[in-house]
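**Student:** Coordinates for the following, if possible.
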Amino acid sequence: PRFDMPLPPPGLEVVEALAAKHSSVHVHLSGHYAFSGAPYPYRDLQETTDRIYAAFGAERMVMASDWPWIREEPGYPETLGVIDQLLGGISAAEREMIRGGTAMSLFNF
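**Tutor:** Modelled structure (predicted):
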């Protein structure tokens with residue numbers, strides 16, 4: 001699926017306010033391919049991704065692959081690579097939190 005909307009998306013301020021007010025709120029990081037008007041690595045989503053990270057931090061972000069929609073385009077490696085491309089300044093530990101550690105903690109695995 002593709003979504004045609006301005007970036008950053010309307011309502012992002014509401015999401016940021018929820019993150020600030022409620023420490024138990026988490027965010028699902030996925031769908032860059034669907035929201036972006038640019039090819040991988042979706043640089044037009046840099047500001048949005050930065051703002052989500054600033055609001056939630058790695059400990060409240062959960063990555064999803066969007067499988068099966070990503071099998072062909074953009075592909076699984078590219079989907080996982082979004083974190084490296086758009087959040088390149090975070091630590092390896094923070095990447096691992098987003099890629100699975102947060103979900104394990106959230107769901108008591």
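
**Student:** Please tell me how far the closest residue to Met97 other than its chain neighbours sits from Pro68.
**Tutor:** Among residues not flanking Met97 along the chain, Ala58 sits closest, at 4.0 Å (CB to CB, 6 or more residues apart in numbering). Where you see a C-beta, it was placed from the backbone N, CA and C, and this is true even at glycine. Distance, Ala58 to Pro68, using CB to CB, to the nearest Å: 26 Å.

**Student:** cool, and Tyr53?
**Tutor:** As judged by CB to CB, Tyr53 and Pro68 stand 27 Å apart.

**Student:** Centroid-nearest residue for the protein?
**Tutor:** Central residue of the chain (CA atoms, centre = their mean): Leu29, 2.7 Å from the mean position.

**Student:** my guess is it contacts Ser65, does it?
**Tutor:** No - the criterion here is CB atoms under 8 Å, and Leu29 misses it with Ser65 at 10.7 Å.

**Student:** neighbours of the closest residue to Phe35 other than its chain neighbours, just the number please.
**Tutor:** If the residues on either side of it in the chain are set aside, Phe35 comes closest to Phe3, at 5.4 Å by CB to CB, 6+ apart. Neighbour count for Phe3, taken as other CB atoms under 10 Å: 10.

**Student:** Show me where this protein has its helices.
**Tutor:** Remark: helices assigned in the chain by DSSP state H are 12-21, 32-35, 46-56, 76-86, 92-96, 102-106.

**Student:** Please identify the most buried of those.
**Tutor:** Here the criterion is mean neighbour count by mean count of other CB atoms under 10 Å, and of the helices of the chain the winner is helix 32-35, at a mean of 19.
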